[in-house]
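A.B. asks: Provided below are the primary sequence and the corresponding predicted coordinates.
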Amino acid sequence: MTTVTGTPRPTAAPTGVDYFDIAAELTAEELRVWTSVREFVDARVLPAAGGWWERAEMPLDVLQEYGRLGLVGDGLEGPGIPRLSHTAAGLITMELSRGDGSFATLLGVQAGLAMRSIEFLGSEEQKQRWLPPMARLELLGAFALTEPEHGSDAVALETRAVRDGDDYVLDGAKRWIGLGDVADVVVVWARGEDGQIQGFLVEKGTPGYQAEVITGKASLRSIHNAHITLTGVRVPAANKLPGARSFKDTGRVLSATRAGIAWGALGHATAAYETALAYAVQRKQFGQPLASFQLVQDKLVRMLAEVTAMQLYCLRVSRLAEQGRLTDTQASLAKVNGTRKAREVVALARDLLGGNGILLEHRVARHMADVEALHTYEGTESIQTLIVGRHLTGISAFT
């Protein structure tokens, strides 16, 4: 690896931003994973991401290629899932986000939400049936929690599940469901007859399940989000997640994804910084490189400072997770900090590139748009802030 100072390092880490030598804190396996994914992103994602983003086209063929790397699992343990440390899983999310936020989100939905729901809350039979092919990306999954009228207050969801003989009958609507139009299995959250939130595995082709792709998105354009209508959807009792007995169980899945979003934000910031640095060195104005101007160097250093701080945040939360010590509020703080700082870094890069900064070929505008979704999903920045604030003060500011 070569750091931004140009000093060669005797490691297998990929070329990139590593000013504080994060690579030295990684295991050989984590370095291997990081290198493999970065090479895949450089070869298969970066050359095409601008095009599929502009066309709002899901790159399912490239997704299938990625599946052959054997790296889909997000640090989960279960049948057929490759064993990855939380840090390795974070590095994967970072690199995929550096390439394309939509591609990273496709994998986040697949492993971070759908597979995690089954691994955390499913029966052994459900795990054996679904997890191995999902880890190979032979089958796709989705996670249907958000509703048209319930986003941050998902605990109040209105979709209902009523027992009818050997089946449950689901009625309601879901919105913003990534992969909801193509998934082979959708984890649908509904309120049971006891008033508690329960989870159900709805298989592709089930009558009464209708998914309409939401159009007009200006962020994460290359992952389809669906508006789902559930009308008398019959789900076998065997497809109910036995471990999903209340919203606290749903929350376990969501909380486990928040550190990953901090890694994703780092990937967007890294892409913006790398692009801005290369542009500043190559682009000439007034007869000399942009990088020779004091204001440009100031922007680059400010960007690097934030990227480096985000790296340290991400590494720490992943190590805490590996030790079983990461708390929900620590994960929330990592998400809050990561998305805030990523927005700042991307905005600085956009400013540095001038007029060229709005062109997709320079990547920055795409990352600027995509990081807005990270700022919102898996619990908005405002909600995460209040979660941490409640922990600090002992006073709930929720209304």
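C.D. replies: The structure has been received and is ready for your questions. Source: prediction; values computed, not measured.
A.B. asks: can you give me the helices in the stretch 1-150 of the chain?
C.D. replies: 28-40, 46-55, 60-67, 86-99, 101-107, 116-121, 124-135 (DSSP state H, counting those that start in this stretch).
A.B. asks: Of these, which is nearest residue 388?
C.D. replies: Within the helices of the stretch 1-150 of the chain, the stretch nearest residue 388 is helix 86-99; the backing value is 20.0 Å (Cβ to Cβ). For every residue, glycine as well, the C-beta is placed using N, CA and C.
A.B. asks: Output that closest one as PDB, restricted to C-alpha atoms.
C.D. replies: The C-alpha trace of helix 86-99 is given here as PDB (Å, rounded to 0.1, in the frame of the first residue of the first chain):
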ATOM      1  CA  HIS A  86     -17.400  -7.100  11.900                       C
ATOM      2  CA  THR A  87     -14.400  -5.100  10.800                       C
ATOM      3  CA  ALA A  88     -14.100  -7.100   7.500                       C
ATOM      4  CA  ALA A  89     -17.900  -6.500   7.000                       C
ATOM      5  CA  GLY A  90     -17.400  -2.800   7.500                       C
ATOM      6  CA  LEU A  91     -14.500  -2.600   5.100                       C
ATOM      7  CA  ILE A  92     -16.700  -4.300   2.500                       C
ATOM      8  CA  THR A  93     -19.500  -1.800   3.000                       C
ATOM      9  CA  MET A  94     -16.900   1.000   2.800                       C
ATOM     10  CA  GLU A  95     -15.500  -0.200  -0.500                       C
ATOM     11  CA  LEU A  96     -18.900  -0.900  -2.100                       C
ATOM     12  CA  SER A  97     -20.100   2.600  -1.100                       C
ATOM     13  CA  ARG A  98     -16.900   4.100  -2.500                       C
ATOM     14  CA  GLY A  99     -17.900   2.600  -5.800                       C
END
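A.B. asks: Pull the residues that contact that helix.
C.D. replies: If you take Cβ atoms under 8 Å, 6 or more residues apart in numbering as the criterion, helix 86-99 is touched by 26, 29-30, 33-34, 37-38, 41-42, 45-46, 49, 71, 73-75, 84, 103-104, 107-108, 259-260, 262-268, 270-271, 274, 314-315, 318-319, 321-322.
A.B. asks: and what of stretch 127-136?
C.D. replies: Taking Cβ under 8 Å, 6+ apart as the rule, stretch 127-136 contacts 67, 70, 72-73, 78-82, 110-111, 114-115, 118-119, 122, 139-141, 185, 201.
A.B. asks: what does stretch 68-80 give?
C.D. replies: Contacts to stretch 68-80, defined as Cβ under 8 Å, 6+ apart, come from residues 33, 36-37, 40, 66, 81-86, 88-89, 92-93, 107-108, 110-112, 115-116, 118-119, 127-128, 131-137, 260, 321.
A.B. asks: now stretch 270-280
C.D. replies: Contacts for stretch 270-280 (Cβ under 8 Å, 6+ apart): 4, 16-17, 94, 97-99, 289-291, 296, 299-300, 303-304, 307, 342, 345-346, 348-350, 352-353, 356, 362-364, 367-368.
A.B. asks: Could you export it as PDB, CA atoms only?
C.D. replies: The C-alpha coordinates for stretch 270-280 follow below in PDB (Å, rounded to 0.1, in the frame of the first residue of the first chain):
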ATOM      1  CA  THR A 270     -13.400   8.400   0.800                       C
ATOM      2  CA  ALA A 271     -14.600   8.500  -2.800                       C
ATOM      3  CA  ALA A 272     -15.200  12.300  -2.700                       C
ATOM      4  CA  TYR A 273     -11.700  12.900  -1.100                       C
ATOM      5  CA  GLU A 274      -9.900  10.600  -3.600                       C
ATOM      6  CA  THR A 275     -11.600  12.200  -6.500                       C
ATOM      7  CA  ALA A 276     -10.900  15.800  -5.300                       C
ATOM      8  CA  LEU A 277      -7.300  15.100  -4.600                       C
ATOM      9  CA  ALA A 278      -6.700  13.500  -8.000                       C
ATOM     10  CA  TYR A 279      -8.600  16.400  -9.700                       C
ATOM     11  CA  ALA A 280      -6.600  19.000  -7.800                       C
END
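A.B. asks: So in the chain, which helix runs the longest?
C.D. replies: Across the chain, the longest stretch assigned as helix under DSSP state H is helix 247-282.
A.B. asks: residue ranges with poor pLDDT in the stretch 151-300 of the chain?
C.D. replies: Nowhere does the stretch 151-300 of the chain drop to pLDDT under 70.
A.B. asks: any idea where the strands of it begin and end?
C.D. replies: 160-164, 167-178, 185-191, 197-203, 209-213, 225-236, 284-285, 288-289 (DSSP state E, counting those that start in this stretch).
A.B. asks: Can you say which of those is packed in most?
C.D. replies: strand 185-191 (a mean of 26; mean count of other Cβ atoms under 10 Å).
A.B. asks: Tally up the residues packed near residue 396, please.
C.D. replies: Neighbours of residue 396 under the rule other Cβ atoms under 10 Å: 10.
A.B. asks: and what of residue 337?
C.D. replies: The burial count for residue 337: 20, using other Cβ under 10 Å.
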